[in-house]
Structures are given as C-alpha cells and as structure tokens.
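Undergrad: sequence first, predicted coordinates after that:
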Amino acid sequence: MDQKDQPIFDQSQARSSVNEIGFADSDIRQLLEENLQATKQVQESLAKINRWIAFQKVWGVIKTLIIIIPLLLGLIYLPALLQNVISPYQELLKVGLPDTAGDEGLLDKVNELLNANQNTNQ
C-alpha cells in the first residue's frame, strides 16, 4: 500500500489506542453524555443572554425616545408660549419693534453704558 492509498484516520487504530489508554467504551459514552448535558446548559444560558441583550437594545431605544420626544415637542410649542410671556416686556426692552427707531429703549441704554465703561477702563 502506498502512502497515498492509506486512509488518514484508521478507526481500528483509534479503538486500539483508546483501549490502550485505559478508557472503555462505556466511559467514553458517559463522558459524551456529560458533555452533551453541559452543552445544553450552555445553550440555555446563551439563549437567556441573547434575550437580555435584545431587551436592553429595545430599552435603550425607549429611553432615547423618552428624552428626544419632549425636546422636540418643546421646540415646536415653546416659542408660541414664550412669545405670550415675553410680549409685555418687549416694549420695555424695545427688542424687535421696528416703529420705535427714534426712541431709545432700556436695552440700548444699558449697552451704551457698558460700552462707555469699557472705553474708560482701557
């Protein structure tokens, strides 16, 4: 027999080597069954871990939405509400009123005082 014709794994040699080591077929069968049980336990644990990871992904999206949705609603509705609150003070501050070009508002006076104070300090 040539080297090419010989099988890579000869079962008769494997059985004899296993028997030479001192393992009986029943021992090997028992070890395989224990290995199978351990593998099933690992698969069950892995399934639980995968469910937990999926739950955490969903919960992360929910938490993000809990933060983003109120911010978006605030951006939509808050300017109208703030306009109602700020409108009584706009006349005092003269902010955004085009018909008061000749009058100086409080904000303009404060800016002039600050500029004058900065010029004297320099």
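TA: Happy to help now that I have it.
Undergrad: low-confidence stretches in the protein?
TA: Within the chain, the ranges that satisfy pLDDT under 70 run 1-22, 94-106, 122.
Undergrad: all helices for it, in order.
TA: Assigned by DSSP state H, the chain shows helices spanning 11-21, 25-93, 106-121.
Undergrad: now render those helices as TSV, adding mean neighbour count.
TA: In short, each C-beta sits where N, CA and C put it, glycine included. Putting those into TSV (neighbours: other Cβ atoms under 10 Å) gives the following:
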stretch	mean neighbour count
helix 11-21	10
helix 25-93	10
helix 106-121	10
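Undergrad: in space, not sequence, find me the middle residue of the protein.
TA: Gly60 (6.0 Å; Cα atoms, centre = their mean).
Undergrad: how close does it get to Ile67?
TA: Noted for Gly60: a distance of 11 Å to Ile67, by Cβ to Cβ, to the nearest Å.
Undergrad: picking up where we left off before, how close does the residue nearest to the centre of the chain sit to Ala38?
TA: For Gly60, the distance to Ala38 - Cβ to Cβ - is 33 Å.
Undergrad: equivalent analysis for Glu44, please.
TA: 11 Å.
Undergrad: so what's Leu65 up against?
TA: Neighbour list for Leu65: empty [criterion: Cβ atoms under 8 Å, 6 or more residues apart in numbering].
Undergrad: mind starting the numbering at 489 from now?
TA: All right, first residue 489 from here; so that's Leu553.
Undergrad: what about it, distance to Gln544?
TA: 15 Å.
Undergrad: just how off-centre is stretch 533-542 within its chain?
TA: In terms of Cα atoms, centre = their mean, to the nearest Å, the centre of stretch 533-542 is set 17 Å apart from its chain centre.
Undergrad: could you dump that stretch to PDB, C-alpha only?
TA: The C-alpha coordinates for stretch 533-542 follow below in PDB (Å, rounded to 0.1, in the frame of the first residue of the first chain):
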ATOM      1  CA  SER A 533     -27.600  30.200  29.200                       C
ATOM      2  CA  LEU A 534     -26.700  31.700  25.900                       C
ATOM      3  CA  ALA A 535     -30.400  31.900  24.900                       C
ATOM      4  CA  LYS A 536     -31.100  33.900  28.100                       C
ATOM      5  CA  ILE A 537     -28.200  36.200  27.500                       C
ATOM      6  CA  ASN A 538     -29.400  36.800  23.900                       C
ATOM      7  CA  ARG A 539     -32.900  37.700  25.200                       C
ATOM      8  CA  TRP A 540     -31.300  40.000  27.700                       C
ATOM      9  CA  ILE A 541     -29.300  41.800  25.100                       C
ATOM     10  CA  ALA A 542     -32.300  42.200  22.800                       C
END
